[in-house]
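*Asks:* Would you be able to build a 3D model of this:
(one chain, ligands or ions: 1)
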Amino acid sequence: MLAADEVRQALSVHPRPVVVDAIRRILDHFRSEAAAPPVRSREEWASLLLSRLPGEIATGEEESLGRVINATGVVIHTNLGRAPLPEEAIRAVSLVARGYSNLEFDLASGGRSSRLVHVEKLILSLTGAESAHVVNNNAAAVLLCLAGLARGRDVLVSRGELVEIGGSFRIPDIMTESGAALVEVGTTNRTRLTDYERAVTGRTALLLKVHRSNFRITGFTEEVSAGDLSTLGDRLGIPVLEDLGSGALFDFSVAGIAGTPTVRQALRQGPGIVTVSGDKLLGGPQAGIIVGRRELVAPLKKHPLSRALRIDKMGLAALAATLRLYADERRAVRRIPVLAMMTDGEGSVLARARKLVRRVRRGGGAGLLLSVEKGLSSPGGGAMPDVHLPTVCVALSHPAVRVEDIEERLRGGKPPVIARIVRGKLLLDMRTVRDDELPELAAALLAAVEKKAC
Ligand SMILES: *Cc1c(COP(=O)(O)O)cnc(C)c1O
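*Replies:* This next block holds a predicted model:
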């Protein structure tokens, strides 16, 4: 095989392992094929294999990670990459990625500096904090805080806040890895201030409050607010760490979405340290932001784990650009996709749904039964578990094609379209679909049923 002209030609353009792998895949394909092609001679086999070679090499080079169209309505979808970045952040990433940058270089003195200077002032002015630190993600932020402030000592947590966030971030496990000892207080549904007070000993280093990002407890419940816990902490001289999870810099209650404090509001309740994610409600890149009192944050910056958990230059550039947009709140809502999608009115989502239906019909319709239906989308991403935003979906089915097959075809398309099936209909929630994605989406819908028909 390797001596054939076609292969030698392929070898002059592609690395040998790529070509060999492609040939192996073709051979495997024919070996496993139930109905082998009707060829007899060696030569016929060889030419059949070789005719598939360019296509197979191209398949092998296809990207694994790529864009998808999110028609789930889940704005901060962890499996779909969480927050889409604002254009300003994308430009900033591209600039520092392409060339050299003053990442840790002080242009004024010509000496070494810290990468944090590019975001620190912005974070302080947006949150009102005394001091700020940034690491790779919020899980890293919590780990660093626990290791830096409580290693070898006790951390008190309510039994109602021993949470698991998707992707195996579990408070008890993070605690173990940090070297701090978890002390559970209260019960699953009710925890009072006296529960914390009674559990405090000479070994207590921190009182930890964890945001219930992805679930809620209802019924006969009681919990201690960050404010009350901070008052207790101040009285006993024990710092309070609040893992806020989703860090809003924009006050969503202004847009009628209540129940999520901004980082500034959270800090005003008095905890010594608050940690938040960069790519949840903040709408920026993956990052973990630590804000709080100087004497608590300063040792974290020097902690050896800080180096291992540091944010990379592209994340930092994107974070700085996103934070800068917050200087003007109206601009932030327009330019930061997460904020724009969260606050998008029902009317504008409805208009997008109608546009999609019109496009599909103009394309012939392919027998698709389409309707526009009201629904509820969720913020997702471990943010606002009680919030559901009124939305509009395009619901579709087909008399001759099962919706499960349509869903699978859409998922396998280019780009893949991610939708969900509810009560026998495929629902496309238009809150998370951009206007400029409508042509592709309409074409994907038509292709999904047309392919199936032939
Ligand atoms: C999301 C979340 C985390 C993890 O944050 P990442 O940025 O995904 O690492 C930790 N704690 C809470 C409360 C969260 O909501």
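*Asks:* Do a quick rundown of the strands in the stretch 251-400 of the chain.
*Replies:* Ranges of strands in the stretch 251-400 of the chain, per DSSP state E, counting those that start in this stretch, are 273-277, 288-292, 369-377, 389-397.
*Asks:* Now render those strands as CSV, adding mean neighbour count and distance to the ligand.
*Replies:* (Each C-beta comes from the backbone N, C-alpha and C, glycine too.) CSV is the format used below for the strands of the stretch 251-400 of the chain (neighbours: other CB atoms under 10 Å; distance: least, CB to the nearest ligand atom, whole Å):
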stretch, mean neighbour count, distance to the ligand
strand 273-277, 28, 3
strand 288-292, 27, 6
strand 369-377, 15, 19
strand 389-397, 21, 19
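*Asks:* These: which one's closest to residue 303?
*Replies:* Ranking the strands of the stretch 251-400 of the chain by proximity to residue 303 (CB to CB) places strand 288-292 first, at 11.0 Å.
*Asks:* what packs against that closest one?
*Replies:* Contact partners of strand 288-292 among helices and strands, from 3 or more CB pairs under 8 Å, 6 or more residues apart in numbering; DSSP states H and E: helix 117-127, strand 131-135, helix 138-150, helix 263-268, strand 273-277, helix 294-302.
*Asks:* most neighbours per residue, which of the ones you listed?
*Replies:* The highest mean neighbour count among those, using mean count of other CB atoms under 10 Å, belongs to strand 273-277: a mean of 28.
*Asks:* List the strands paired with that strand, with their directions.
*Replies:* According to DSSP bridges, strand 273-277 forms sheet pairs with strand 240-246 (parallel), strand 288-292 (antiparallel).
*Asks:* Just the C-alphas of stretch 267-287, formatted as CSV.
*Replies:* As requested, the backbone C-alpha atoms of stretch 267-287 are provided in CSV (Å, rounded to 0.1, in the frame of the first residue of the first chain):
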residue,chain,number,x,y,z
LEU,A,267,-19.2,42.0,50.1
ARG,A,268,-21.3,44.5,51.9
GLN,A,269,-22.8,41.7,54.0
GLY,A,270,-19.4,41.5,55.6
PRO,A,271,-17.6,38.3,54.7
GLY,A,272,-13.8,38.6,54.6
ILE,A,273,-13.5,36.8,51.3
VAL,A,274,-15.8,36.2,48.3
THR,A,275,-15.0,33.9,45.4
VAL,A,276,-16.7,33.9,42.0
SER,A,277,-16.5,32.4,38.5
GLY,A,278,-15.5,34.5,35.5
ASP,A,279,-17.7,32.6,33.0
LYS,A,280,-21.0,32.4,34.7
LEU,A,281,-23.2,35.5,35.2
LEU,A,282,-20.1,37.8,34.8
GLY,A,283,-20.1,36.7,31.1
GLY,A,284,-16.3,36.5,30.7
PRO,A,285,-13.7,33.8,30.3
GLN,A,286,-13.1,30.9,32.7
ALA,A,287,-11.5,32.5,35.7
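*Asks:* how far does it sit from the chain's center?
*Replies:* Stretch 267-287 has its C-alpha centroid displaced from the chain centroid by 14 Å (CA atoms, centre = their mean, to the nearest Å).
*Asks:* now stretch 296-309
*Replies:* Between the mean C-alpha point of stretch 296-309 and the mean C-alpha point of its chain there is a distance of 24 Å (CA atoms, centre = their mean).
*Asks:* Mark out where each domain of this protein begins and ends.
*Replies:* The chain breaks down into these structural domains: 5-61, 69-78+343-453, 87-335 (assignment by automatic domain parsing).
*Asks:* tell me, which of those domains is the model least confident about?
*Replies:* Note on those: lowest mean pLDDT is at domain 5-61, with a mean of 82.
*Asks:* these two touch, right, residue 27 and residue 46?
*Replies:* No: the pair formed by residue 27 and residue 46 falls short of the contact definition of CB atoms under 8 Å, at 11.4 Å.
*Asks:* ok, the residue in the chain positioned nearest to the ligand - how many residues close by?
*Replies:* Among the residues of the chain, residue 245 lies nearest to the ligand; the distance is 2.3 Å by CB to the nearest ligand atom. Each residue near residue 245 was counted by other CB atoms under 10 Å, and the total is 25.
*Asks:* Give me every residue in this structure lying close to the ligand.
*Replies:* If contact is defined as CB under 6 Å from any ligand atom, the residues of the chain in contact with the ligand are 137-139, 142, 165, 169, 210-211, 213, 243, 245-246, 277, 288, 382.
*Asks:* can we see that at 8 Å?
*Replies:* 78, 82, 136-142, 163, 165-167, 169, 210-214, 243-246, 275, 277-280, 286-288, 381-383 (CB under 8 Å from any ligand atom).
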